[in-house]
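Trainee: what's the 3D shape of this:
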Amino acid sequence: ERGEEAYTTCQDVLTQLGEEIPECVTPEENKKFIEETTLLLSDLSKESLQGMNEMDTSMQTAVKFFSFMAQIAWFSRPELLPFICLRIAKITMENGLCKHS
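Mentor: From the prediction side, this is the model:
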């Protein structure tokens, strides 16, 4: 299926960029990912967002492929969406903004 092929391509690119993508995620792990993301973003203000730097090219590439992966996972691997969203949020908070954040 093309969706699985696209997912695998994203996974391969992200692995080459040093990201670890789990094959599966349990409901308990998803709960943890959601809690971590909520905590990470809880004190975020409009001013702090506006003051963020632009992230470097390699991290922009990672966020871009995580964004593609999220779209694919919505249909084929919805259990991975909390993990993917947390990674995008963490990369953004640690490295700055980009158009894919």
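
Trainee: can I assume Gln11 is in contact with Met69?
Mentor: Yes. Counting by CB atoms under 8 Å, Gln11 touches Met69, with 7.2 Å between them. In this view, the C-beta of every residue, glycine as well, is placed from N, C-alpha and C.

Trainee: Report the central residue of the chain.
Mentor: By CA atoms, centre = their mean, the chain has its centre lying nearest to Ile88, at 3.0 Å.

Trainee: With adjacent residues omitted, what lies nearest to that residue?
Mentor: Leaving aside its sequence neighbours, Ile88 sits nearest to Phe66 (CB to CB, 6 or more residues apart in numbering; 5.0 Å).

Trainee: number of nearby residues for that neighbour?
Mentor: 26 (other CB atoms under 10 Å).

Trainee: Let me know the average pLDDT across the helix or strand hosting it.
Mentor: Using DSSP states H and E, Phe66 sits in helix 57-76. Averaged across helix 57-76, pLDDT comes to 95.

Trainee: before we move on, what about stretch 79-88?
Mentor: The model assigns stretch 79-88 a mean pLDDT of 92.

Trainee: follow-up on the earlier one: contacting residues for the residue nearest to the centre of the chain?
Mentor: Residues in contact with Ile88, defined by CB atoms under 8 Å, 6 or more residues apart in numbering, are Val63, Phe66, Ser67, Ala70, His100, Ser101.
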